[in-house]
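*Asks:* give the three-dimensional model of this entry:
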Amino acid sequence: MRTRVRYLDDRRAKGFNTLIVNLVEHLFLARSGRAMRPAGSPSRKAGDMGTPNDAYSIEAERVLDACAARGIA
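*Replies:* The predicted structure follows:
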């Protein structure tokens, strides 16, 4: 998370107030596992959104909360 926070702080310092975020990309999903370390893949079984990975969702929410705390949409 520290790396992401540094990135957000850097973006904010450079005047950015908006980021485009794609949490689940259908082409990436089939070979997922590197998306958000340590949370890993958005699904427990690669390519199967019927098996969501809760840790991934929790980490995504933390990142979005960090954005909101910095006024980044």
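*Asks:* where is the longest helix in this protein?
*Replies:* As assigned by DSSP state H, the longest helix anywhere in the chain is helix 54-69.
*Asks:* got the buried residues for that one?
*Replies:* Using 16 or more other C-beta atoms under 10 Å as the test for burial, helix 54-69 gives 56, 59-60, 63, 66-67. Placement of C-beta: from N, CA and C, glycine included.
*Asks:* pLDDT score assigned to the nearest residue to Glu59 once chain neighbours are set aside?
*Replies:* Spatial nearest neighbour of Glu59, excluding adjacent residues (C-beta to C-beta, 6 or more residues apart in numbering): Ala39 at 3.8 Å. You'll see Ala39 listed with a pLDDT of 70.
*Asks:* Asp9 too?
*Replies:* Here the pLDDT value assigned to Asp9 is 95.
*Asks:* so is it in a helix, a strand, or just coil?
*Replies:* Three-state assignment for Asp9 (DSSP: H, G, I helix; E, B strand; the rest coil): helix.
*Asks:* I'd say it and Arg70 touch.
*Replies:* Yes - using C-beta atoms under 8 Å, Asp9 is in contact with Arg70, at 7.1 Å.
*Asks:* so between the two, which is more surrounded?
*Replies:* Arg70 (15 against 12; other C-beta atoms under 10 Å).
*Asks:* nearest the middle, which residue of the chain would you pick?
*Replies:* Central residue of the chain (C-alpha atoms, centre = their mean): Ala60, 4.3 Å from the mean position.
*Asks:* excluding chain neighbours, what is closest to that one?
*Replies:* Spatially, and ignoring its direct neighbours in sequence, Ala60 is nearest to Leu23 (5.3 Å; C-beta to C-beta, 6+ apart).
*Asks:* ok, how many other residues are close to the one you found?
*Replies:* By the criterion of other C-beta under 10 Å, Leu23 has 12 neighbours.
*Asks:* in this structure it contacts Pro42, no?
*Replies:* Yes - with contacts counted by C-beta under 8 Å, Leu23 reaches Pro42, the gap being 6.7 Å.
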